[in-house]
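> Dropping a prediction and its sequence here:
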There are 4 protein chains.
Amino acid sequence: MVGSLAESEGQASDKYQRILEAGIKVFARKGFHNARVSEIASEAGVADGTIYIYFKNKDELLIKVFEESLAGIIERFEQVLAREPDPVSKLKRFIWSHLELLEENQALAEVIQVELRSSNKFMKEYVPARFFEYLNIIAEIVREGQQAGVIRPEISPGIFKRALFGALDELSLHWVLRKKGRDYLKSSAEQLCEIFLKGVVKEGIDI
Amino acid sequence: MVGSLAESEGQASDKYQRILEAGIKVFARKGFHNARVSEIASEAGVADGTIYIYFKNKDELLIKVFEESLAGIIERFEQVLAREPDPVSKLKRFIWSHLELLEENQALAEVIQVELRSSNKFMKEYVPARFFEYLNIIAEIVREGQQAGVIRPEISPGIFKRALFGALDELSLHWVLRKKGRDYLKSSAEQLCEIFLKGVVKEGIDI
Amino acid sequence: MVGSLAESEGQASDKYQRILEAGIKVFARKGFHNARVSEIASEAGVADGTIYIYFKNKDELLIKVFEESLAGIIERFEQVLAREPDPVSKLKRFIWSHLELLEENQALAEVIQVELRSSNKFMKEYVPARFFEYLNIIAEIVREGQQAGVIRPEISPGIFKRALFGALDELSLHWVLRKKGRDYLKSSAEQLCEIFLKGVVKEGIDI
Amino acid sequence: MVGSLAESEGQASDKYQRILEAGIKVFARKGFHNARVSEIASEAGVADGTIYIYFKNKDELLIKVFEESLAGIIERFEQVLAREPDPVSKLKRFIWSHLELLEENQALAEVIQVELRSSNKFMKEYVPARFFEYLNIIAEIVREGQQAGVIRPEISPGIFKRALFGALDELSLHWVLRKKGRDYLKSSAEQLCEIFLKGVVKEGIDI
DNA sequence: GATGAATGAGCTTTCATTCAT
DNA sequence: GATGAATGAAAGCTCATTCAT
């Protein structure tokens, strides 16, 4: 009796957190539509009904999975980027960090890569505020670079942020789905730095 | 008799085509999982069961929607690109054409943008051959440019094609989901040409 | 044109017969409920719709399969039995012939064994007249035997006919379903003769 | 509170049993293929989905209906037969009991008579272990009788058990389907005892 | 008569959600 | 708060039957 109490009460009410993490795992494994609430519950070690105490429904759980995960990522990124001396290194660091993040945390990566897309669609009303925050890290670096005179002023930060994210996203997706190795992520990072910083056209060529 | 009947009925047995187009519309409107076979059927003006005469199941319909649509797009792109004199103009033309295509055909765009993703996931076994063909148009231009000496040899065509597609894709998604106006697409095209051809870093800055 | 006409008209309109035979095969192979009208059609080499020219519906086809098949069997049995000199040999011959018939014509056997049962049920209104005719062959032999003084008068022909048919049926079913060999049918025939003619109790034992 | 609630609800969670009994009724009424899961559910007073908590699917429900019902019957038969002094009376008692059982429980009878057949077919892989147990009660009596010297040694218990069951089965079917009265069952029992114990041929007649 | 493409009613099964305990 | 048995709506798919040719 004591033992079981200790066990069940063990981590106070971390149930919210546990469900969230179970959500990441199961959404990653099965995709949103194929994820079963009961599977998430059992992964989290709670009863099915318990999920509905902490989340309004399955959709909201997915949203929270994004939001909370991104919150952590954003915080971490801001710390990492603060250590970089200039906007150009920040941009490089962003690219590397985004891809490294995936490697460390594939389940979350799959949710963000794949489910964010399909959910964007069926949850049209949901505006992914955190995701915008994440994108704006990029835009902010660009603006900084423009102020510092190292990034061309004709570049639109709002479009650039999506272009870069899209590129990262597509390469990540390919890496996730096609089970590419570690080297593929490294090459991707190097190449993206080249492309987004210097472009592909040879210097001196008129375009 | 035959002729007039065929005419009044629509176009004889264009049912395959009609279902395909209804599929595009409904998948775009609802997403794959929320699209109801019965809705596709009624959109196509056929009975539910008729869909199963032409397609093995709902999954196969989605696949065919991609394959057939992309086949048309690829053909069209190859014609358009053939008219461009050099690899750099081809790359620009590709970017513009991709975005113009979306504008003309929003429903198809939504399916390709969003559903391709979520289906990639649950149809892991399906290898989207046509999509690879599409991507390879980009890679081919890069290779051409490298041979012609106008594109830097250190650029990997295989990674570049995904980076560019990802960027186009993300901007398109944003345009589709956030109902941005026509100008947004134009700016996107211009900016992407700048970014991917010349990079964002000011000339003369050491990186 | 000539060739195809010759072919299609080849056997005049034996289509009725062909469908009937296809019905036997497919009902035997799949059971009534799992038999597809289209499979019967293709087995018969006709179009699906053609079946509805010759038969009101699937149920009626099943009924006709029984009736027509039994008609042939009854005719054959009457010929065979007419050659037997006395009621007791007739009874023996009936048992042997019933089992031999199965061996020659397993598909029909399965239909009669299995589908007759389940169809009796869902087609409650249908009274299998031909089947009664078949059973009455047995009853008639018993009556003959009673008149000739070789069969005990206290035996009810109406109950005996069903008892014997049931026994034959059950052994046949076992043989059909469990893929027993030829010997099993021979032993069955021998044993049934023993049991139904002489009973199982040793002579002299009081019961 | 607990007790009274349990009482008012029926019998606590007898849902398994209730579904089983509803299954017997509906399978008997409609046959396996025409029985609707929703009808069984409403007959049992539960929701459609509840059936799938207790049974894997409709097929398994049918199997369980057999197995559980036969288990009860076999137990009852063994008790009844144990009270009979000798193999011959046991055989008589078996015949009477089988037919009496039907009378008491017509719905179950119909399922066993009719659906067992059609299911044997479509569930070829399912080996009706309980049914074999039931048959073996007969075989065992025969063996006992042979050891006791009251049943002829040339009778094969394995064939006899099927012959007797088939006869009982056919008469029962006729009784069930043709709505024969109580007397028909009595005559059937008497006649079967005569036939299976003493045969139909008059004593002294050479066969 | 013959065809076979088309129909659409109707089925089993799943699973998010509820609520009595 | 926590549970998990029960719910029941809803959807993909099948296939007997029809009917324009």
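Alright, I've got the coordinates.

> lowest-pLDDT helix or strand in chain A?
Lowest by mean pLDDT, DSSP states H and E among the helices and strands of chain A is helix A:2-9, with a mean of 41.

> neighbouring contacts of the following helix or strand past that one?
The C-terminal neighbour of helix A:2-9 among helices and strands, as given by DSSP states H and E, is helix A:15-30. If you take CB atoms under 8 Å, 6 or more residues apart in numbering or on different chains as the criterion, helix A:15-30 is touched by A:11, A:35-36, A:39-41, A:43-46, A:50-51, A:54-55, A:61-62, A:64-65, A:68-69, A:106-111, A:115. Backbone N, C-alpha and C define where each C-beta goes, glycine included.

> what ranges do the helices span in chain A?
All helices of chain A, identified by DSSP state H, fall at A:2-9, A:15-30, A:37-44, A:48-54, A:58-82, A:87-104, A:106-110, A:116-122, A:129-147, A:157-177, A:182-198.

> Distance from stretch A:151-161 to the middle of the chain?
22 Å (CA atoms, centre = their mean, to the nearest Å).

> That stretch spans what distance, first to last residue?
Using CA to CA, to the nearest Å, the end-to-end distance of stretch A:151-161 comes out at 14 Å.

> Show me which positions of that stretch end up buried.
By 16 or more other CB atoms under 10 Å in any protein chain shown, the buried positions in stretch A:151-161 come out as A:151-152, A:155-161.

> before we move on, what about stretch A:193-203?
Those would be A:193-202, for stretch A:193-203 by 16+ other CB under 10 Å.

> contacting residues for A:Lys90?
A:81, A:84, A:141, A:144.

> weakest of the helices of chain A in terms of mean pLDDT?
Lowest mean pLDDT of the helices of chain A: helix A:2-9, a mean of 41.

> what's the burial count for the closest residue to A:Ala148 other than its chain neighbours?
With sequence-adjacent residues excluded and distances taken as CB to CB, 6 or more residues apart in numbering or on different chains, A:Ala148 is closest to A:Pro87, at 5.8 Å. A:Pro87 has 23 neighbours, counted by other CB atoms under 10 Å in any protein chain shown.

> Contacts only, for A:Pro87.
So A:Pro87 contacts A:141-142, A:144-145, A:148, A:150-151 (CB under 8 Å, 6+ apart).

> Next, work out how far apart the most centrally placed residue in chain A and A:Leu70 are.
Nearest to the mean C-alpha position of chain A, by CA atoms, centre = their mean, lies A:Ile112 at 5.3 Å. A:Ile112 sits 8 Å away from A:Leu70, going by CB to CB, to the nearest Å.

> A:Glu203 too?
38 Å.

> Check A:Ile40 too.
19 Å.

> Run a quick neighbour tally on the closest residue to chain C within chain A.
When scored by CB to the nearest CB, chain A has A:Asn34 as its residue closest to chain C, at 30.4 Å. By the other CB under 10 Å criterion, the neighbourhood of A:Asn34 contains 13 residues.

> what do you get for the one 3 residues further on?
Here the count is done by other CB under 10 Å, and A:Val37 has 17 residues near it.

> burial of A:Asp14, as a residue count?
12.

> how far away is it from DNA strand F?
A:Asp14 sits at a distance of 9 Å from DNA strand F (criterion: CB to the nearest atom of the strand, to the nearest Å).

> Would you confirm that A:Ala71 contacts A:Tyr134?
No - using CB atoms under 8 Å, A:Ala71 is not in contact with A:Tyr134, being 9.6 Å away.

> Between the two, which is the more surrounded one?
Comparing A:Ala71 with A:Tyr134 by other CB under 10 Å, the one with more neighbours is A:Tyr134, at 19 against 13.

> show me the residues around the more buried one that make contact.
A:70, A:73-74, A:77, A:165.

> Going by distance to chain D, which of the residues you listed wins?
A:Leu70 (36.6 Å).

> what about the residue lying closest to the closest one once chain neighbours are set aside, how many neighbours?
If the residues on either side of it in the chain are set aside, A:Leu70 comes closest to A:Arg130, at 4.0 Å by CB to CB, 6+ apart. A:Arg130 sits with 17 neighbouring residues when counted by other CB under 10 Å.

> quick one on the thing from earlier: any idea how far the residue nearest to the centre of chain A lies from C:Ser97?
76 Å.

> same thing with A:Asp14?
79 Å.

> mind listing what's buried in stretch A:73-86?
A:73-74, A:77, A:81.

> Does at least one residue of it sit close to chain B?
No - using CB under 8 Å from any CB of the partner chain, stretch A:73-86 stays clear of chain B, coming no nearer than 9.6 Å.

> A:Val200 against B:Lys161, yeah?
No - applying CB under 8 Å, one finds A:Val200 not in contact with B:Lys161, separated by 11.4 Å.

> got the buried residues for stretch A:128-146?
Quick answer for stretch A:128-146 (16+ other CB under 10 Å): A:128, A:130-131, A:134-135, A:137-146.

> and chain A, which residues reach DNA strand F?
Contacts of chain A with DNA strand F, taken as CB under 7 Å from any atom of the strand, map to A:8, A:13, A:15, A:46-50, A:52-54.

> Output those residues in a markdown table; the columns should cover neighbour count.
Formatted as a markdown table, the residues of chain A next to DNA strand F follow (neighbours: other CB atoms under 10 Å in any protein chain shown):
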| residue | neighbour count |
| --- | --- |
| A:Ser8 | 9 |
| A:Ser13 | 9 |
| A:Lys15 | 16 |
| A:Val46 | 17 |
| A:Ala47 | 12 |
| A:Asp48 | 13 |
| A:Gly49 | 9 |
| A:Thr50 | 16 |
| A:Tyr52 | 15 |
| A:Ile53 | 11 |
| A:Tyr54 | 18 |
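
> Name the nearest of the residues you listed relative to DNA strand F.
A:Gly49 (1.8 Å; CB to the nearest atom of the strand).

> From A:Ala35, how far out is the closest one?
17 Å.

> Likewise for A:Leu173?
19 Å.

> try A:Glu144
For A:Glu144, the distance to A:Ala35 - CB to CB - is 40 Å.

> Same question for A:Gly181.
28 Å.

> These two: who's more crowded?
A:Ala35 (23 against 8).

> so what's the more buried one closest to, chain neighbours aside?
Per CB to CB, 6+ apart, closest to A:Ala35 is A:Val26, 4.7 Å.

> A:Glu78 now?
Using CB to CB, 6+ apart, the nearest residue to A:Glu78 is A:Ile137, at 7.2 Å.

> Likewise for A:Ala41?
A:Asp48 (4.6 Å).

> ok, now which ones touch the one you found?
A:37-38, A:41.

> out of the residues you listed, who's nearest D:Arg93?
Closest approach between the contacts of A:Asp48 and D:Arg93, by CB to CB: A:Ser38, at 51.7 Å.

> ok, now which ones touch the residue found closest to A:Glu133 once you drop the neighbours it is linked to in the chain?
Nearest residue to A:Glu133, sequence neighbours excluded (CB to CB, 6+ apart): A:Ile74, at 5.7 Å. Neighbour list for A:Ile74: A:130, A:133-134, A:137 [criterion: CB under 8 Å, 6+ apart].
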